[in-house]
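A.B. asks: Below are the sequence and a predicted model for it; my questions follow.
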Amino acid sequence: MPVIGFVGLVFVFSILTNGRILNPRNINLMLSQVYVLMIASLGVFMIMTVGGLDFSQGSILGLTSIVFARVSQHSIILGIIAAMIAGALMGAFNGFFHVKFRIASFIVTICTMYLFRGLCEYLTTHGPISASLRVISFDETWLKVLLTTIVITIGFLAIHFTRLGYDLRAIGAGEIAARFSGCRPELTTFLVYTVAGMITGFASFINVIRVGSITGTAGSQLETQILIALVLGGMPIGGGAKARFSNIIFGALTYSVLERSLPMVFPVSATQQLVKGIVFLIVVALTIDRKSLRVIK
Amino acid sequence: MKEVVLRSEKVNKHFGITHAVKDVSLEFYRGEVHGLIGENGSGKSTYCSMLSGIHSISSGRFILEGKELNVKSLVDANMNGISIVVQEMGTLSGLTVAENIFLGREHKFMRGFFKDTAQMNRETQQLLDSYGLNRISASRVIDNYSFEDRKLIEIVKATYFEPLVVTIDETTTALSQKGREELFKIIEHLKETNKTVIFISHDLSEVLAHTDRISVLRDGELVKTVNSDEVDADELKRLMVGRELDNRYYRTDYDGTVSDEVVLSVSNLSVPGEFEDISFDLHRGEILGIGGLSECGMHELGKAIFGGSYDRSGSVSLPQKGLEITSIPEAIKHGIAYTSKDRDNESIVLAINIADNITLPSLDVLAKKRVLNKKELHEFAQSHADRMSVRMTGIKQYVFDLSGGNKQKVVLARWLGRDSDIFVLDSPTRGIDVKVKADIYALMGELKERGKSIIMISEEILELIGMSDRILIMKNGTFNGTFARSAVLTEEDLIAKMV
Amino acid sequence: MNETISKFKRSKYFGYALLFGLALFFWAFFKILSPHNFGTSKLMANYLQTSIQYAVGGCGFYFIVVMGLFDMSIGANIVLSSLVGVLLSRQFGYYGLILGCLLCGTLIGSFNGFLYTRLRIPSMIVTVGLMLVLESVAAYVVKLDPAGFPGKLTDPNILAFNHAPWNYIVAVSAFLLMGFILRFTKLGTYFNAIGSNEFVAKSMGINVEKYKFIGFVLLHFFVGIMALLTVSYGRGMLAVTGMESMGRNFKPLMGTFFGVAFKKYGMPVSAIVIGEFIITLIFNGLVALNVPTTINDFVTGAVLLIIVTLTNRGARGSVVK
């Protein structure tokens, strides 16, 4: 289904743009948006599989980008590690409040979206923060493709060949029963948020390569892009058994095609957003699994 | 001459293959308190659920004041003069006492869009006062009141709209002595105002003291209706049971001796509000039955042994391995299996497929250096589903489409797959048809043969007598009696310790 | 004696004492640290003027939050309704402004409610999509504005709601309306009942879908009123896209959480109003301390998180997604 959606979308926009979206330069531009989105989607995919949501990923990206930029002045490798640690801490913060105090994940992450964004803005009060100039030398397509492939492959292997995938789906499908089957829902959920933050911390490296210096709004709206991308990729809103790894790949690709092609077809930005909103609503309405949501809140 | 206000004519209820209520014909007089008693599963609650529109009637009819009653919901029943207080419903938080009582029936106080809250509060207060509950204030948010007061408010709610018949189902177990006295005052008040009260309770002395007549149900059938002042508790017990043991499916041996080897030791186990200071040993190859009324704490006990309770104190240990069980993953790792009474929520993940359900507890053993092999998992699930002969389209089928019996087979298949040594089976045959029941009993016998140990928690007395080497009876959160396996053990013996 | 104390502790007077105590505490705290730039009577009036706008939105939000629902499109509605109001005011003056804001707000509410109840998608998800749609519609509405400064309330004769007494009159009317709805209609009872246990509510014969729909309509009617106050206060409104309108969701939401927390004292409306005032005090206190305004989002997040942690925690073992 998501595959058909993706192919259909490419087809439609190829016609609407007279094939312009398929020229190599455009594909390159399209891909430049995919990397960060796809990597960060991996973490949110896991969160959504256990039935949660995360609106703070954009702010985490912004803040980890600052961490990376700062530390990259000394060492790029250390910068990546520091960004991942910072991301993990922020994710753990989310997970802690969600799991420990049993507050709905979307409320916690909306709060932290502001919290982290505020820190991000505060740190850039006196202007954007630049990374070490050496990071520019990493701005190579092959490297970004390679890094993205590595992250996604690790995610794929972990979800398909360890108990992680089984745990996540079981917890999403029925947390109480999963607990009585030997899963550890609380610990797993906490770790999933932590790892999601860490993955986004890694993505900040690629983000900084692309933008060079970090402003207060860096990464903003990534969270909604991820949500829309995953939904377009066929991700069930309530998580559970029907979550597929392919949701990440096709979701991120479909979103990028949409994002890149809409301006070619609709010159007015408001129209682009209108179309995006309507497409999102239609896809959700068509794909949502109402059977597994007993009460729809 | 007493006037009949409500009667039922050959009322029946089927749940799938289970015939829960069989041809019950009963008469209720105006202004009487009518006790309804019987064992767990005797059909008394189901009967009242049909009367009040919670369940549909399979066949037969109720006749209220000469007219056939045809209700489809609780509200419908209320409109027709029937009300019921059941344990599961309860009051709603965040609403005032008055709002709770008049929920869904505000029309009496509506002046167009305007709701006459003051009038509603006044009327509610009068109502409360008339029941002697003047310490409860109508305009206060209900969250301010204790569980017990909320129960009493619920009873007031069930009676305010002048129903002809009020059913009170097993509410007293939730009340303290003071609350019970207030409840009986309310019942007295209803009787004085010429209402009919159907009172369901397990406490026979209570039933005898506060009812005019008593009807006894057994296996869904009406045994007898008697005048309360002409019987005693022993007579009632005899009526409730009075039948030969049906041992077609049960064990045929009466040898309750088991090995001395203790495989599981529970000591001073408590869960606040559920049960207190429970200690016992489970032996190798033993089937230990634990029985009692549904609220006696035994279901939580099973959960606690498996490490599934929050706020547990005391210890559950495996003496041979010299270790304690404190969490579910540990319990599973050391060979403890558990089936819950609440199968759909706790035993099995409904929204994933059979294969995943069977492999889930065994993932740690199936993984080689943490890596799982899809093909191996598939074969594992397939072989254990086949071993239990689960009726399915395939192991990729989702569990929510299966019948109760097949779900239970999936649950048992996963624990057989895990090669567990100790089985904590809570209500293993609840809501399951006869054939699967027989399969489960046979499996239990086989497990015993192989030296596995079983704790069977059950509300079905016959099952306890038929299968257990030893039976522990719980009452109000503690053990109240022990029975060894014996051919002469009767249901009366057990019931006497339960109520 | 003990009984009297415990009775007081559960009464609304205790709730008021708690809220006023909090307000006093924060006022004193910032006043001591910054005696001249904070908390003078003139500034207090300013704080109040700002906070009542949010409180109106917070009141609206309360209707659906008590039912366990959520709405991400409130900010987008404020923007759109304000712009429609401004546009209509060009031709119809006050009538255009007032009706534009209120009607547009309410219409959007019924649209949201309709989509939520018909499509049966979780409210949070469906309103994310609607936010995208509403923001872009707002961008079109601005283009329809013939004035030199689109979206600006340039005419000084149309700024009555910018200042006292009219802004207070509007806000207080909204609060009274809210109090009336909760106390003197069935709606308040039903919203609480649905929030407490949807299944029981249904079995008591309440048409849950219908009341959820009404909840959305009421929410957005109040958002319409908030739009009127906001556009007047700011003398205009900017159309934003790219989900920037989300930022406007959260100040009302904070008040709502106060309302939910103080529900048990039977005083949600007062709690929302005073709660918003407390929050405004905190923000302005920080400004007075010369903390860079870039930290504002941080404070928003932190305050919101503290409020929900104190008021919205789930029981152990409960399933919260």
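C.D. replies: Cool, got the structure. Numbers count the residues shown, from 1 in each chain, chains lettered A, B, ... in the order given.
A.B. asks: pLDDT below threshold where in chain C?
C.D. replies: C:1, C:312, C:315-317, C:321 (pLDDT under 70).
A.B. asks: Just the closest residue of it to chain A, please.
C.D. replies: C:Phe298 (2.5 Å; CB to the nearest CB). In this view, the C-beta of every residue, glycine as well, is placed from N, C-alpha and C.
A.B. asks: and that residue, how many residues sit next to it?
C.D. replies: 20 (other CB atoms under 10 Å in any protein chain shown).
A.B. asks: name the helices or strands packed onto whichever helix or strand it is part of?
C.D. replies: Using DSSP states H and E, C:Phe298 maps to helix C:296-311. Here helix C:296-311 touches helix A:105-123, helix C:250-261, helix C:268-288, going by 3 or more CB pairs under 8 Å, 6 or more residues apart in numbering or on different chains; DSSP states H and E.
A.B. asks: between the shortest one and helix C:268-288, how many degrees?
C.D. replies: Between the axis of helix C:250-261 and that of helix C:268-288 there is an angle of 140 degrees, by axes from the mean of the first three to the mean of the last three CA atoms, to 10 degrees.
A.B. asks: any idea how far helix C:250-261 is from the chain center?
C.D. replies: Here helix C:250-261 is found 7 Å from its chain centre; the criterion is CA atoms, centre = their mean, to the nearest Å.
A.B. asks: For that helix, list every residue counted as buried.
C.D. replies: For helix C:250-261, the neighbour count (16 or more other CB atoms under 10 Å in any protein chain shown) marks C:Phe250, C:Lys251, C:Pro252, C:Leu253, C:Met254, C:Gly255, C:Thr256, C:Phe257, C:Phe258, C:Gly259, C:Val260, C:Ala261 as buried.
A.B. asks: hmm, it in reach of chain A?
C.D. replies: Yes: looking at helix C:250-261 against chain A by CB under 8 Å from any CB of the partner chain, the contacts come from C:Phe250.
A.B. asks: by how many degrees do that helix and helix A:105-123 diverge?
C.D. replies: Orientation note: helix C:250-261 sits at an angle of 140 degrees relative to helix A:105-123 (the same axes, to 10 degrees).
A.B. asks: Against which helices or strands is helix C:250-261 packed?
C.D. replies: Judged by 3+ CB pairs under 8 Å, 6+ apart, helix C:250-261 is in contact with helix C:41-65, helix C:268-288, helix C:296-311.
A.B. asks: Contacts for that helix next, please.
C.D. replies: Contact partners of helix C:250-261, identified using CB atoms under 8 Å, 6 or more residues apart in numbering or on different chains, comprise A:110, A:114, C:19, C:54-62, C:65-66, C:74, C:226, C:268-269, C:271-276, C:278-279, C:300, C:303-304, C:307-308, C:310-312.
A.B. asks: Next, count neighbours for B:Glu206.
C.D. replies: Residues near B:Glu206, counting by other CB under 10 Å: 17.
A.B. asks: err, B:Lys115, not the other one
C.D. replies: Residues near B:Lys115, counting by other CB under 10 Å, number 24.
A.B. asks: Looks like it contacts C:Thr185 (just checking).
C.D. replies: Yes: taking contacts as CB atoms under 8 Å, B:Lys115 lies within contact range of C:Thr185: 5.3 Å.
A.B. asks: Low-confidence regions, chain B specifically.
C.D. replies: B:1, B:16-18, B:40-41, B:87-89, B:170-174, B:242-248.
A.B. asks: list the buried ones in stretch C:281-291?
C.D. replies: C:Leu281, C:Ile282, C:Phe283, C:Asn284, C:Gly285, C:Leu286, C:Val287, C:Ala288.
A.B. asks: right, is that stretch up against chain A?
C.D. replies: No: between stretch C:281-291 and chain A, judged by CB under 8 Å from any CB, nothing touches; the nearest distance is 8.9 Å.
A.B. asks: If we go by neighbour counts, what in stretch C:80-100 is buried?
C.D. replies: In stretch C:80-100, counting by 16+ other CB under 10 Å, buried: C:80-90, C:96-100.
A.B. asks: show me what contacts the residue of the stretch 101-250 of chain B found nearest chain C?
C.D. replies: Minimum separation of the stretch 101-250 of chain B from chain C (CB to the nearest CB) falls at B:Gly104, amounting to 3.8 Å. B:Gly104 is in contact with B:Val75, C:Met204, C:Gly205, C:Ile206, counting by CB under 8 Å, 6+ apart.
A.B. asks: so what's it closest to, chain neighbours aside?
C.D. replies: Using CB to CB, 6 or more residues apart in numbering or on different chains and skipping the chain neighbours, the partner closest in space to B:Gly104 is C:Met204 (3.8 Å).
A.B. asks: so the one you found sits right up against B:Leu103, yeah?
C.D. replies: Yes: contact between C:Met204 and B:Leu103 holds when scored by CB under 8 Å: they sit 5.0 Å apart.
A.B. asks: Can you work out which residues contact both of these two?
C.D. replies: In contact with both C:Met204 and B:Leu103: C:Ala193, using CB under 8 Å, 6+ apart.
A.B. asks: follow-up on the earlier one: just the buried ones out of the contacts of B:Gly104, please.
C.D. replies: Buried by 16+ other CB under 10 Å: B:Val75, C:Met204, C:Ile206, out of the contacts of B:Gly104.
A.B. asks: Which residues are in contact with C:Phe14?
C.D. replies: So C:Phe14 contacts C:Phe8, C:Tyr265 (CB under 8 Å, 6+ apart).
A.B. asks: sorry, that was for A:Ser137
C.D. replies: For A:Ser137, counting by CB under 8 Å, 6+ apart, there are no contacting residues.
A.B. asks: does it count as helix, strand or coil?
C.D. replies: helix (DSSP: H, G, I helix; E, B strand; the rest coil).
A.B. asks: Measure how buried the residue in the stretch 51-200 of chain A that chain B sits nearest to is and give me the count.
C.D. replies: With distances taken as CB to the nearest CB, the stretch 51-200 of chain A approaches chain B most closely at A:Ala173, which sits 3.7 Å away. When neighbours are defined as other CB under 10 Å, A:Ala173 has 29 of them.
A.B. asks: Verify the stated contact: it with B:Asn357.
C.D. replies: No: taking contacts as CB under 8 Å, A:Ala173 lies outside contact range of B:Asn357: 9.8 Å.
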